[in-house]
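> Fold the following, please.
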Amino acid sequence: MHGTARERKPERAMGKNSARGFDSATVAFHRDGELALDASVVTIGAFDGVHRGHQELLRQTIAAARRRGVPAVVYTFDPPPKVYFGQAEALIPLHEKLERIATFAPDHVVVAEFNQIYVRRTATEFLAELRRLQPREVIVGEDFRFGSCKGGTAQLLRQHFDTRVLPPVRCGNGEIVSSSRIRSLRRSGLAAAAAALENWRGIVTTSPGNRSSLAQLEVINP
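I've put the predicted structure just below:
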């Protein structure tokens, strides 16, 4: 496969994952700025809850990477930006988010620590980091923004990379599946409806033997 990492070896890897409809694989985890590749397909987002909309991003990204014969990379943030700014509470902790993402078997997961330093990064600085992954394609949701003050848009991404924007996944009643919608349902006591949007019932994310390494990943920066 093309696009082997050129810098540090992955600090940790996840072992086998058993899931409905997905292959088991080893996933390499990295801090932001560590990973450099010769080629990749990348998806970027908070992935809070790894709900049905996020799952479609992951499926499309991994399928595109397999077609091209390059690594699939998931770039995410801890905490999610809305959580950092006090606008929401995280739906799930980091270790569970990583377990859920790993169930889809990407090759790499990059976790950026979203803090007072990271939040000042400009869209240009983010693009520079993205270039280190040499993406053949970037796949994002239609509400994706990046850089300080959300200055970066999908239109800006398209000026630098082949970019595909996926439409939102909708419920049967036409409402968009989103982390905000899931939070609202939980607050209203509609736990079953919230769980249906997350779509994780009956899926086993990772074997108990691998939970110690996942627990270490909760604190990405020692």
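> hey, let's count contacts and neighbours off CA atoms from now on
Noted.
> Now name the helix or strand holding residue 101.
helix 94-103 (DSSP states H and E).
> ok, residues contacting the helix or strand harbouring residue 186?
Following DSSP H and E, one finds residue 186 within helix 179-187. Residues outside helix 179-187 that contact it (CA atoms under 8 Å, 6 or more residues apart in numbering): 48-49, 51, 91, 191, 193-195, 197-198.
> now the helices: where do they sit in the chain?
52-68, 81-84, 94-103, 123-131, 154-158, 179-187, 191-198, 211-217 (DSSP state H).
> So which bits of the second one are buried?
Along helix 81-84, these residues count as buried under the neighbour rule (16 or more other CA atoms under 10 Å): 81, 83-84.
> per-residue confidence averaged over that helix?
Throughout helix 81-84, pLDDT has a mean value of 93.
> Around residue 69, count how many other residues there are.
Other residues lying near residue 69 total 15 when counted by other CA atoms under 10 Å.
> Please report the distance of it from residue 177.
Distance of residue 69 to residue 177, computed by CA to CA, to the nearest Å: 31 Å.
> and if you look at residue 164?
On the measure of CA to CA, residue 164 and residue 177 end up 19 Å apart.
> So what's the residue count around the nearest residue to residue 152 once chain neighbours are set aside?
Leaving aside its sequence neighbours, residue 152 sits nearest to residue 146 (CA to CA, 6 or more residues apart in numbering; 4.6 Å). The number of residues packed near residue 146 is 21, by other CA under 10 Å.
> wait, what's in contact with residue 146?
So residue 146 contacts 123, 126, 152-153 (CA under 8 Å, 6+ apart).
> end-to-end on stretch 161-171?
So stretch 161-171: terminal residues 31 Å apart, CA to CA.
> Check stretch 99-114 too.
Where stretch 99-114 begins and where it ends lie 19 Å apart, using CA to CA.
> Use 524 as the first number for this chain going forward.
OK, 524 is where the count begins now, so the last one is stretch 622-637.
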